[in-house]
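Student: test case, fold it:
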Amino acid sequence: MSQGSNQPAPVSDGRGAHARNGGGTGAPPSNTAPDNSNPSFRLLRWGIDSLYLSYPGELAEGVKANLRKLKLKAQGSEQEACKAQLQIGDHVFEVKDKSSGLFAFTLVDGAFNIRLSAGASKTLPMAYVQISSGFLAYKPVELIEYELRAILEELGDIGASKVSRIDLFADFASADSMEAWDRDAWVTRATAVHQYAEGSTFTGWTVGAGGVLMARLYHKLLECQKTGKDYLLGLWREAGWDDLTPVWRLEFEFRREALSQLKLDGLSSVLGNLDGLWDYATTDWLTLRCPNRQDQTRSRWEIHPLWMLLASVDWNTPGGSLSRSFKPTRGPSMAWIGSRALSLMASTASLNRHRNFEHAGIELMNVAADALSRRQEQKGLSPKGGFSEMVDDCNRKFNTALNDFEADPDPVLPNLQNPYYRAKQGFPNRGV
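Tutor: Numbering: from 1, shown residues only. All right, here's what the predicted structure looks like:
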């Protein structure tokens with residue numbers, strides 16, 4: 001990725017105002033090698049967190065007919081809805097029962113959210129695609145777009161991609177308070193500056209909400225703990241994170257209007273100017289300053305040391321390690337399921353007034369069987385059919401398998417380690 005040779009033109013904040021150079025005393029931030037010498041702040045990673053691409057073109061007639069059938073299935077009974085799936089390559093997409101805006105169809109898996117238009121239009125693209133942040137942390141953008149283009153070419157004729165939105169981020173570790181400064185420490189042409197908290201925990205700032213260019217500084221570690229984005233923790237550790245210090249993220253959201261004002265449109269031109277975009281956002285459009293109440297001109301206040309670090313990110317260098325694995329599925333991890341299963345077993349043991357792990361497992365299976373019986377009675381299904389319907393629903397939501405197939409009548413049983421359950425099923429007891 002190369003730095004843009006020309007200074008970008010000012011970006012409107014969406015209300016007619018334009019950003020101006022922050023100026024001020026002291027050396028302004030520049031895009032040189034990041035300096036982690038300040039013990040209060042440690043830069044961990046930087047890259048692209050969100051990417052939205054649009055493709056002109058037209059869906060093939062046969063594809064449109066098939067998608068209409070699948071969308072009708074998605075709007076039908078649970079038994080029909082579970083078959084609203086479309087497999088393209090390694091991706092098993094869920095076909096949604098509704099779409100958004102003027103788009104007729106929506107296909108979703110863990111890698112892509114694809115919205116498709118049904119008719120030829122000069123203004124509406126054939127496809128509008130959001131790439132997941134997890135996929136962007138796993139594979140370079142150029143390779144992701146190559147894979148995406150192959151998928152879309154199975155659906156119709158498409159043209160060159162255009163960037164509708166791109167979010168650039170930098171993650172850093174710091175125990176310092178991110179609410180230690182007042183709102184006027186943010187020197188920007190944007191009119192909206194907001195701060196947020198959850199209970200007594202400060203969670204971050206937003207600058208320019210609702211505009212074509214927006215900044216967020218927020219508690220990323222807290223968000224990961226809530227959303228289960230565990231892959232980021234390992235990437236931070238590789239960059240020197242100690243597992244204890246809070247991790248924050250500075251993120252800039254560039255919408256198409258902002259990119260157009262900066263004379264950027266296609267994916268290659270945007271990727272070739274990431275350094276220029278970051279430099280513009282952190283020096284011209286927004287800066288964080290150390291307030292000096294003796295000087296009423298805020299643009300002359302000293303630049304905050306944190307901002308010096310963040311503005312110095314060099315986008316011509318790698319932004320950190322990539323994830324070693326990724327699956328285009330949306331299901332929870334087995335570790336997540338295990339932790340919740342353990343909690344359910346502890347609750348079961350408590351309600352039955354004992355502390356035996358093996359007994360709790362059997363009791364939990366019994367209450368699950370009772371719940372399945374009640375479900376099948378309500379729906380008039382056999383026990384096997386009732387559970388299969390639930391699995392099919394998960395297959396569709398998690399993008400793990402196509403449901404329109406004949407299941408193996410004699411699946412291989414897992415390695416059963418619970419001696420009580422083994423005895424109940426007639427297996428020899430191997431002990432524990």
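
Student: on contacts alone, who are the packing partners of the strand of greatest length in the chain?
Tutor: Longest among the strand segments of the chain by residue count, using DSSP state E, is strand 42-55. Using 3 or more C-beta pairs under 8 Å, 6 or more residues apart in numbering; DSSP states H and E as the contact definition, the elements that strand 42-55 packs against are strand 127-131, helix 133-136, helix 141-153, strand 162-173, helix 231-238, strand 247-255. Where you see a C-beta, it was placed from the backbone N, CA and C, and this is true even at glycine.

Student: export the ones you listed to JSON lines and append columns for mean neighbour count.
Tutor: JSON lines is the format used below for the helices and strands packed on strand 42-55 (neighbours: other C-beta atoms under 10 Å):
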{"stretch": "strand 127-131", "mean neighbour count": "22"}
{"stretch": "helix 133-136", "mean neighbour count": "19"}
{"stretch": "helix 141-153", "mean neighbour count": "16"}
{"stretch": "strand 162-173", "mean neighbour count": "22"}
{"stretch": "helix 231-238", "mean neighbour count": "17"}
{"stretch": "strand 247-255", "mean neighbour count": "23"}
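
Student: between these, which one is nearest to residue 195?
Tutor: With respect to residue 195, and counting by C-beta to C-beta, the nearest of the helices and strands packed on strand 42-55 is strand 247-255 at 13.4 Å.

Student: quick one: contacts of the closest one?
Tutor: Counting by C-beta atoms under 8 Å, 6 or more residues apart in numbering, strand 247-255 makes contact with 44, 49-50, 164-174, 178, 204, 212-221, 224, 236, 241, 277-278, 281, 310, all of which sit outside it.

Student: same question, stretch 82-99
Tutor: Contact with stretch 82-99 is made by 66-67, 70-71, 73-75, 81, 105-109, 111-112, 114-116, 147, 150-151, 154-155, 328, 389, 392-393, 395-397, 399-404, as judged by C-beta under 8 Å, 6+ apart.

Student: the helix or strand hosting residue 307: what's the following helix or strand?
Tutor: Element membership for residue 307 (DSSP states H and E) is helix 305-311. Once helix 305-311 ends, the next helix or strand along the chain (criterion: DSSP H and E) is helix 334-351.

Student: that older thread, can you list the strands that the longest strand of the chain pairs with?
Tutor: As defined by DSSP bridges, the strand partners of strand 42-55 come to strand 127-131 (antiparallel), strand 162-173 (antiparallel).

Student: the contacts of stretch 82-99, buried ones only, as a ChimeraX selection?
Tutor: Selection command for ChimeraX covering only the buried members of these, criterion 16 or more other C-beta atoms under 10 Å:
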select :66,67,70,71,73,74,81,105,106,107,108,109,111,112,114,115,116,147,151,155,328,389,392,395,396,399,400,401,403
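
Student: biggest helix in this structure by residues?
Tutor: The single longest helix within the chain, with elements called by DSSP state H, is helix 357-379.

Student: no further queries at this time; thank you.
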